[in-house]
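S.K.: coords please:
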Amino acid sequence: MKRTTKMILLLILAVTLLASFALSVSAEGYASSEDALGYLDSYADNVGSDDFEENIGAALTTVRQDIGSYATFVSLLPPIIAIALALITKEVYSSLFIGILSGALIYSNFNIWGMVTNSFDVMVGKLADSWNVGILIFLVVLGMMVSLVNKAGGSAAYGRWAEKNIKSRTGALISTAVLGMLIFIDDYFNCLTVGSVMRPVTDKHQVSRAKLAFLIDAAAAPVCIIAPISSWAAAVSSVAPEGQGLQLFISSIPYNFYALVTLAMVIMMSLMNVDFGPMRVHERNAMNGDLYTTAARPYAAAENEDGNPNGSVMDLVLPIVVLIVSCVLTMIYTGGFFDVDSGSYMNFIDAFGNSDASMGLVLGSFIALIVTFCFYIPRKVITIKQFTESFSEGFKQMVPAILILTFAWTLSGVTNQLGAKIFVAELVRTNAGGLSNFLPAIVFLIAVGLAFATGTSWGTFGVLLPIVCSVFPSGELMIIAVSACLAGAVCGDHCSPISDTTIMASTGAQCDHINHVNTQLPYAMLSAVVSFVGFILAGLIQNALIVLPICMVLLFVILLAIRTVQKKKAV
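M.R.: Prediction:
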């Protein structure tokens, strides 16, 4: 009852704020809102043109005649409402849906029926998107494979092997982090694969599901954003100035302080045995046998499956290896690696850059499913009936992730309709000129805010990178600012409950989503503070060989201080 009251009060407050902030501008602009929106949709392409200042003003004026709050602070309120409600009530589905409704209400100028139709128009559009459908199919197929591996006894056998060979809790933590760093081709693939492989190991060593989710998330996007051969490198290259894509990405790696600091923090915390914030409570409870801390266990059905007691480690390892290899091959296949008429023919890096990761993951996971069938059935590890049962069971396992992703994509779509990205982009463009050496630190903060609000790191650097490159066309400071943009996008993505990568990490660890968000947030904030200091220094010193070691020492000192304080309190 108390939670419901809080949600109603917050919604009333939100609607009041929305009404008070709503703007109504009536001035001359484009001939139609459609033309103006078309220009704004191509913001990144137009930002460097000579007549941009005049055209952007006219376009915004025209659009605001129909959508009064377009590209204003109000456009950020829907995700803020959703995130605040999720953190307060611990109920992610209803919180996201209220965020969607609030955004649609603003977009429809407070017309109730318009709010309803717009909400579901956006939702259907997101579910009809080929990229999104591919990710959902990949999720379902991977759920089937997890169910198959469990039925075959592969997970249990791997757990028994790990118990003998990974003898310490620290070893389990380090092994999880290292595996995450090795699978750098794609963050979605990373989250789900590492979770499936390492869950038996971390469970045996009483590592909480929240800690496992953090380890997965901390080694997914950060390692992808510093790996030249990854779907992220391809995404960054596609929005960078023509001809500078891959070179600019590689040059930015030493200055990507958030990614490097986060990866270092995972290793340091595992070796130093340091935890703080809500995570410390979860870890204490895990050592006492409670891996979850809360009653919320969305994946409990998957854990209760009875597997084949005669299963072997190979029943887990072979399907996972086939999955990795087949996904890599099908991703470069979609990029034209095997197409004689393609410009990427037999060029691995170009093929990866041009790949369709969503379709590649679908094809790769399907191949792995067929190979798993051929590996299990002739050996009678499972029956045909058990194999077919895994289809529905695998789908059921992924229902929580599918629901959250659907709502998160819809909220992101509603937010984009309100021009949130344009608002932030204009904020950067109009105020960055005189900030000079402090620009990287400011770009980092803005990228964090935008990624946090929209739940998308790709969308964040897709909007901000062209602006950064236009403010600083060349030189070391441009590379640092680009790094700050990429680092901020990953940081905001880490912190956001509506981020698809965060949702995938919760799914991979089979952890309650809000538990993952609450426990990860203090760690992400620590990395963000250290990175912010690093970008201030980088703007002044402009030398990664000096600034990066300073960041690492600062991180170590902070963790050491936390451990010292905790030991004193324990005494």
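S.K.: contacting residues around Ile558?
M.R.: Taking Cβ atoms under 8 Å, 6 or more residues apart in numbering, we find Ile558 in contact with 526, 530. Every C-beta, even on glycine, is put in place using the N, C-alpha and C of the backbone.
S.K.: that one and Phe438, how far apart?
M.R.: Here Ile558 is placed at a distance of 23 Å from Phe438 (Cβ to Cβ, to the nearest Å).
S.K.: same check on Tyr107?
M.R.: Separation of Tyr107 from Phe438 (Cβ to Cβ) stands at 35 Å.
S.K.: neighbour count for these two, which is higher?
M.R.: Between Tyr107 and Phe438, counted using other Cβ atoms under 10 Å, Tyr107 has the larger neighbour count: 26 against 14.
S.K.: dump the residue contacts of that one.
M.R.: Per Cβ under 8 Å, 6+ apart, neighbours of Tyr107: 67, 114-115, 118, 414, 417-418.
S.K.: now do the same for Gly492: its pLDDT.
M.R.: Listed pLDDT for Gly492 reads 91.
S.K.: same check on Leu173?
M.R.: Predicted confidence (pLDDT) for Leu173: 91.
S.K.: swap in Leu139?
M.R.: Looking at Leu139, the pLDDT reads 79.
S.K.: ok, the one 5 residues further on next?
M.R.: As predicted, Met144 sits at a pLDDT of 88.
S.K.: please report how far it lies from Tyr188.
M.R.: Met144 is 16 Å from Tyr188, by Cβ to Cβ.
S.K.: tell me the one of the contacts of Tyr107 nearest Leu464?
M.R.: Sorting these by distance to Leu464 puts Leu418 at the head of the list, at 17.8 Å, by Cβ to Cβ.
S.K.: got a list of what that closest one touches?
M.R.: Leu418 makes contacts with 67, 69-71, 74-75, 78, 103, 106-107, as judged by Cβ under 8 Å, 6+ apart.
S.K.: please report how far it lies from Tyr107.
M.R.: Separation of Leu418 from Tyr107 (Cβ to Cβ): 6 Å.
S.K.: got it, and Val47?
M.R.: Separation of Val47 from Tyr107 (Cβ to Cβ): 24 Å.
S.K.: now Met504
M.R.: From Met504 across to Tyr107, the span is 28 Å (Cβ to Cβ).
S.K.: what's the answer for Arg429, then?
M.R.: From Arg429 to Tyr107 the distance is 24 Å (Cβ to Cβ).
S.K.: the contacts of Tyr107 in helices, which ones?
M.R.: Per DSSP state H, helices hold the following members of the contacts of Tyr107: 114-115, 118, 414, 417.
S.K.: any of those residues buried? List them.
M.R.: Among these, those classed as buried by 16 or more other Cβ atoms under 10 Å are 115, 118, 414, 417.
S.K.: next, format those as TSV and append distance to Leu445 and pLDDT.
M.R.: Compiled in TSV, those are given as follows (distance: Cβ to Cβ, whole Å; pLDDT from 0 to 100):
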residue	distance to Leu445	pLDDT
Met115	32	93
Asn118	31	93
Val414	24	90
Gln417	25	89
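S.K.: which among those residues gets closest to Gly449?
M.R.: The closest of those to Gly449 turns out to be Val414 (Cβ to Cβ; 17.8 Å).
S.K.: count the residues that sit near the residue lying closest to the closest one once chain neighbours are set aside.
M.R.: With Cβ to Cβ, 6 or more residues apart in numbering as the measure, Gly103 is the residue that lies nearest to Val414, at 3.6 Å, once sequence neighbours are left out. Using other Cβ under 10 Å, Gly103 has 34 neighbouring residues.
S.K.: could you do the one 5 residues further on as well?
M.R.: By other Cβ under 10 Å, 17 other residues sit near Ser108.
S.K.: ramachandran angles for it?
M.R.: Dihedral angles of Ser108 (phi, psi; degrees, to the nearest 10) stand at phi -90, psi 10.
S.K.: ditto for Asn109
M.R.: phi 60, psi 40.
S.K.: most centrally placed residue in the chain?
M.R.: For the chain, the residue nearest the mean C-alpha position is Thr501 (2.7 Å; Cα atoms, centre = their mean).
S.K.: picking up where we left off before, among the contacts of Leu418, name the ones in helices.
M.R.: Residues of these located in helices (DSSP H): 78, 103, 106-107.
S.K.: gap between the closest residue to Leu464 other than its chain neighbours and Trp131?
M.R.: The shortest distance from Leu464 to any non-neighbouring residue, by Cβ to Cβ, 6+ apart, is to Cys485 (4.8 Å). Computed as Cβ to Cβ, the Cys485 to Trp131 distance reads 22 Å.
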